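**Student:** how would this look folded up:
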Amino acid sequence: MSASAQGFLLLALRDTQLSSPSLRDTGTLCLECITIPAYDADRDVWLVLRLNAFEMPLSPTSPMRYTRSSRTYTFETAIGPITISLPQPRSAADDEDIKTLEVILSQYGPLQTDSDVEDSKGAALGLGDAGLKGRLVLVDEDDGEVVGTLGDQFTITEDKGLREQGMEKDPVV
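**Tutor:** Numbers count the residues shown, from 1 in each chain. Presented below is the predicted three-dimensional model:
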């Protein structure tokens, strides 16, 4: 194992706008993965957002908000909210990169989304716009295949414990 930090670029998105209480900038947003020897820090892997001279490490315990309709991410920080607005995709590759960013961030930490994200998941599963409402959908984790659904005969409610800060990514049993 190397004794120093190492980093590599995961993703780059052109023409991204960044705004905060003290900064407005446009450029290429880079998502980087930084690995640190475990004896040097509490965590050994960090994601870092970089746009021009601005860099922000992402904490896997800090909530992130995503508004899919406007392709906007908001991160709460000590200096106030940092907002990143992604451009309209110009190609299928741009669209794929935007989706990849969402997937990476949702797997890294608690990503809160608008309801339009939930509706799109149902469409991706072939269930239509209202397909997930009131249904429990069983999905194979290995290949994403829908293996079953439970319909309207069940009332499904979210346990209040799942809404507690820091519990957003815990497994549901």
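**Student:** for the chain, what spans make up the strands?
**Tutor:** With DSSP state E, the ranges of strands along the chain come out as 6-20, 23-35, 45-51, 54-58, 64-67, 72-77, 80-85, 111-113, 136-139, 146-150.
**Student:** low pLDDT regions in this protein?
**Tutor:** Along the chain, segments meeting pLDDT under 70 span 1-3, 39-43, 115-135, 140, 142-144, 151-156, 168-173.
**Student:** could you redo the last one with a cut-off of 80?
**Tutor:** The model of the chain has pLDDT under 80 over residues 1-3, 37-43, 114-173.
**Student:** quick revisit: the strands of the chain: which one's closest to residue 95?
**Tutor:** With C-beta to C-beta, the closest approach to residue 95 among the strands of the chain belongs to strand 6-20: 11.1 Å. C-beta here means a position set from N, CA and C on the backbone, and glycine is covered the same way.
**Student:** just want the angle from the longest helix anywhere in the chain to strand 54-58.
**Tutor:** Taking DSSP state H as the assignment, the helix of the chain that covers the most residues is helix 92-108. An angle of 50 degrees separates the directions of helix 92-108 and strand 54-58 when computed by axes from the mean of the first three to the mean of the last three C-alpha atoms, to 10 degrees.
**Student:** tell me what helix 92-108 is packed against?
**Tutor:** Under the contact criterion of 3 or more C-beta pairs under 8 Å, 6 or more residues apart in numbering; DSSP states H and E, the helices and strands touching helix 92-108 comprise strand 6-20, strand 45-51, strand 64-67.
**Student:** change it to 7 Å
**Tutor:** Using 3 or more C-beta pairs under 7 Å, 6 or more residues apart in numbering; DSSP states H and E as the contact criterion, the elements in contact with helix 92-108 are strand 6-20.
**Student:** list of residues touching the strand it packs on?
**Tutor:** In this structure, residues lying in contact with strand 6-20 by C-beta atoms under 7 Å, 6 or more residues apart in numbering are 25-35, 51, 54, 79-80, 82-87, 97, 100-101, 104.
**Student:** just the buried members of these?
**Tutor:** For the contacts of strand 6-20, a neighbour count by 16 or more other C-beta atoms under 10 Å gives the buried set as 27, 29-33, 35, 51, 82-86, 97, 101.
**Student:** cool, thanks, talk later.
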